[in-house]
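Colleague: Model the structure of this input:
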Amino acid sequence: MDAVIVGGMWLYGLGLLSIPYTNNVFLWILEAGIMGLGMAMLYPTLGATIADFASVETRGTLLGIYRFWCDFGYAVAALTLGVSVQMTQALIAPFLLASVVMIVSGLYVLIRLPNRKN
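Modeller: This next block holds a predicted model:
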């Protein structure tokens, strides 16, 4: 399961990283497709992983906590990316920042997520 999460994060990060370096609509569509595939791998698997590792008694609470931090992260990310553009005066900054965060997050998950054998 960790390979799907890590692969999804890396696909999303690499797709996002490539966007500011291209200026072709076809390539943007391809990059958006790569990002969509990465998110399709990542998003449902994170919730399933929480359900797999949590006990039945704590599963609902942990899923709620996960959803809170995930949704809160969208607001923090939007503000952070806006500030990065303002501070650097470069539109490429949020793309670089977000893609590096996704790639490093994938590396963190690869290192920290325990492998659970059935």
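Colleague: Going along the chain from the helix or strand hosting Leu37, find the next helix or strand for me.
Modeller: When elements are assigned from DSSP states H and E, Leu37 belongs to helix 25-53. Going down the chain from helix 25-53, the next helix or strand is helix 59-88, by DSSP H and E.
Colleague: Which elements pack onto that following helix?
Modeller: In this structure, helix 59-88 packs against helix 25-53, helix 92-112, with contacts taken as 3 or more Cβ pairs under 8 Å, 6 or more residues apart in numbering; DSSP states H and E. Where you see a C-beta, it was placed from the backbone N, CA and C, and this is true even at glycine.
Colleague: In CSV, list the C-alpha atoms belonging to the shortest one.
Modeller: Only the C-alpha atoms of helix 92-112 are listed here, as CSV (Å, rounded to 0.1, in the frame of the first residue of the first chain):
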residue,chain,number,x,y,z
ILE,A,92,7.0,29.6,-10.7
ALA,A,93,7.6,29.7,-6.9
PRO,A,94,4.3,28.0,-5.9
PHE,A,95,4.8,25.3,-8.4
LEU,A,96,8.3,24.6,-7.2
LEU,A,97,7.3,24.8,-3.5
ALA,A,98,4.3,22.5,-3.8
SER,A,99,6.1,19.9,-6.0
VAL,A,100,9.0,19.8,-3.6
VAL,A,101,6.6,19.3,-0.7
MET,A,102,4.9,16.4,-2.5
ILE,A,103,8.1,14.7,-3.4
VAL,A,104,9.6,15.1,0.0
SER,A,105,6.4,13.9,1.6
GLY,A,106,6.5,10.8,-0.5
LEU,A,107,10.1,10.1,0.7
TYR,A,108,8.9,10.6,4.3
VAL,A,109,6.1,8.1,3.8
LEU,A,110,8.5,5.7,2.2
ILE,A,111,10.8,5.9,5.2
ARG,A,112,8.2,6.1,8.0
